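Asks: Structure for this input, please:
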Amino acid sequence: MPARRPTSGLESGVAVEIPAGHAGLVLPRSGIAREHGITLVNSPGLIDSGYRGELRVLLLNTDPAETFRVQAGDRIAQLVLVPIALATPVEAPALADSSRGDGGFGSSGR
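Replies: Below is the predicted model:
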């Protein structure tokens with residue numbers, strides 16, 4: 001079965017205004033994942049404080065044998081508000097050494 005591309009997202013019916021100094025993380029719900037194999041494509045989804053509007057969720061059905069239909073009122077994702085540190089990038093002449101160095105994926109779990 002060919003993979004399907006996600007659409008522009010499932011409308012949640014919930015609009016947000018994230019407070020300045022915070023971000024919203026859209027996370028999957030463990031129950032719907034366990035029972036139906038439904039998760040989020042871009043987990044976590046990040047919503048910055050400049051966004052105004054309805055939350056849209058990109059769902060992924062990991063169970064090709066089961067069709068999943070969202071009904072009004074279904075709890076399909078959760079939003080967690082977290083404080084963030086805003087930083088101004090500064091160009092550095094060099095980076096400090098560390099035990100990991102420039103090791104990429106999997107390099108910290110040896």
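
Asks: if I look at the residue lying farthest from the centre of the chain, how far off is Arg100?
Replies: Residue farthest from the centre of the chain, counting by CA atoms, centre = their mean, is Pro93 at 33.5 Å. Remark: distance between Pro93 and Arg100 (CB to CB, to the nearest Å) = 21 Å. (Glycine included, C-beta is placed from N, CA and C.)

Asks: Quickly find the element holding the residue farthest from the centre of the chain.
Replies: Assigned by DSSP states H and E, Pro93 belongs to no helix or strand.

Asks: does the residue nearest to Gly13 when sequence neighbours are not counted have beta-bridge partners, and which?
Replies: Leaving aside its sequence neighbours, Gly13 sits nearest to Glu54 (CB to CB, 6 or more residues apart in numbering; 7.1 Å). For Glu54, the beta-bridge partners are Ala15 (DSSP bridges).

Asks: Please tell me how far Glu54 sits from Leu60.
Replies: Remark: distance between Glu54 and Leu60 (CB to CB) = 20 Å.

Asks: More neighbours: those two, which one.
Replies: The residue with more neighbours, out of Glu54 and Leu60, is Leu60; 17 against 12, by other CB atoms under 10 Å.
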